[in-house]
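Asks: Sequence unavailable; structure follows:
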């Protein structure tokens, strides 16, 4: 009996659960999904989960009813994670299990790594931080410190997670308090990465946690404001150097009683930056020559472990449009999840079959106040 070629729809259906089981960060964030086909570069509107304020009931709720307002934000589908390869006719005649082992599973693992890495990269939007730059967190007090900031920012107690890099994972795993914990998570990827639940947060290891290399301005001996700030300002003027020192998007600092993040790269002229964009808007009046404290002053970089509520970040996915020209392609998805397109083509010049696995998505920060960096 002749072999039967594996079809695109069969490959795609087998690929989806493999991809889902390899994701870590993507399984912990808010997801936005629909069946509408899209292409790279499309901008779509995503509804942010509403936020409510609890009030004291004094016998009359007149004037206290809150609107259910789902704010819409624009998210650009600017990322396509792709794994493409040459494939022989012999490989196409493998049974589906062997095909998964050789081709589909490694491809899905690579896609999962790319998606998780982009979500971990959202750390650069977060101004709030705890810990020592350049020092791996290794005590329960480190987790407690991150928890305190979440509590101060009134982050809901449910659906809190802490995602750490392999160094922190190794440090925590030798602590007695982590010796006997139950792994948590709804997929194999989450269960394998889980350190259990401590201090109201589910802990996971992700190999894609980012290291932030700070701008050279952070290393200055005495960085200061070069102009006073008012409440509500979204830019600051700073000096203290002598050359073309830089602030980079993602640099964090403390000014007065509050923590901030630089949101766009800025370069000094003769040691002064006339306008550096920051988040959040300045919360208090700061006089000219007020000190700025950069946690990266000594190490010049930090590992950006992340403690966050599910609604801090979003993974937005749409199915990719089918290719033109009669290419053999199939797209599959899961509810509230992501989409995988599998496409088969043939190169007349090289006489080879080609197969492509790709995912269209966008990674977006919904609420900065729902996350904190645990520095390492």
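Replies: Yes, it's here. Just so it is clear, the structure is predicted and the values come from calculations on it, not from any experiment.

Asks: now the helices for the stretch 51-200 of the chain?
Replies: Here the stretch 51-200 of the chain has its helices, by DSSP state H, counting those that start in this stretch, at 89-92, 96-99, 105-120, 140-152, 166-173, 188-193.

Asks: most neighbours per residue, which of those?
Replies: helix 105-120 (a mean of 21; mean count of other CB atoms under 10 Å). For every residue, glycine as well, the C-beta is placed using N, CA and C.

Asks: OK, contacts around residue 125?
Replies: Residues near residue 125 by CB atoms under 8 Å, 6 or more residues apart in numbering: 250, 261, 263, 279, 365, 368.

Asks: before we move on, back to that, out of the helices of the stretch 51-200 of the chain, flag the one nearest residue 344.
Replies: helix 89-92 (8.5 Å; CB to CB).

Asks: ok so, going back, residue 78: which of the contacts of residue 125 is nearest?
Replies: Closest to residue 78, out of all of the contacts of residue 125 and judged by CB to CB, is residue 365, at 14.3 Å.

Asks: tally of neighbours for that closest one?
Replies: Neighbour count for residue 365, taken as other CB atoms under 10 Å: 20.

Asks: what would the contacts of residue 125 look like in JSON lines with distance to residue 170 and pLDDT?
Replies: Below are these laid out as JSON lines (distance: CB to CB, whole Å; pLDDT from 0 to 100):
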{"residue": "250", "distance to residue 170": "25", "pLDDT": "98"}
{"residue": "261", "distance to residue 170": "28", "pLDDT": "98"}
{"residue": "263", "distance to residue 170": "33", "pLDDT": "98"}
{"residue": "279", "distance to residue 170": "32", "pLDDT": "98"}
{"residue": "365", "distance to residue 170": "28", "pLDDT": "96"}
{"residue": "368", "distance to residue 170": "29", "pLDDT": "96"}
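
Asks: Could you identify the buried members of those?
Replies: By neighbour count, with 16 or more other CB atoms under 10 Å, these hold 250, 261, 263, 365, 368 as buried.

Asks: Need the three-state assignment for residue 373.
Replies: Under DSSP: H, G, I helix; E, B strand; the rest coil, residue 373 falls in the strand class.

Asks: And for the nearest residue to it once chain neighbours are set aside, the neighbour number?
Replies: Of all residues not flanking residue 373 in the chain, residue 129 sits nearest, at 4.2 Å (CB to CB, 6 or more residues apart in numbering). Using other CB under 10 Å, residue 129 has 23 other residues around it.

Asks: Can you give me every residue that contacts residue 129?
Replies: Taking CB under 8 Å, 6+ apart as the test, what residue 129 contacts is 149, 252, 259, 295, 372-375.
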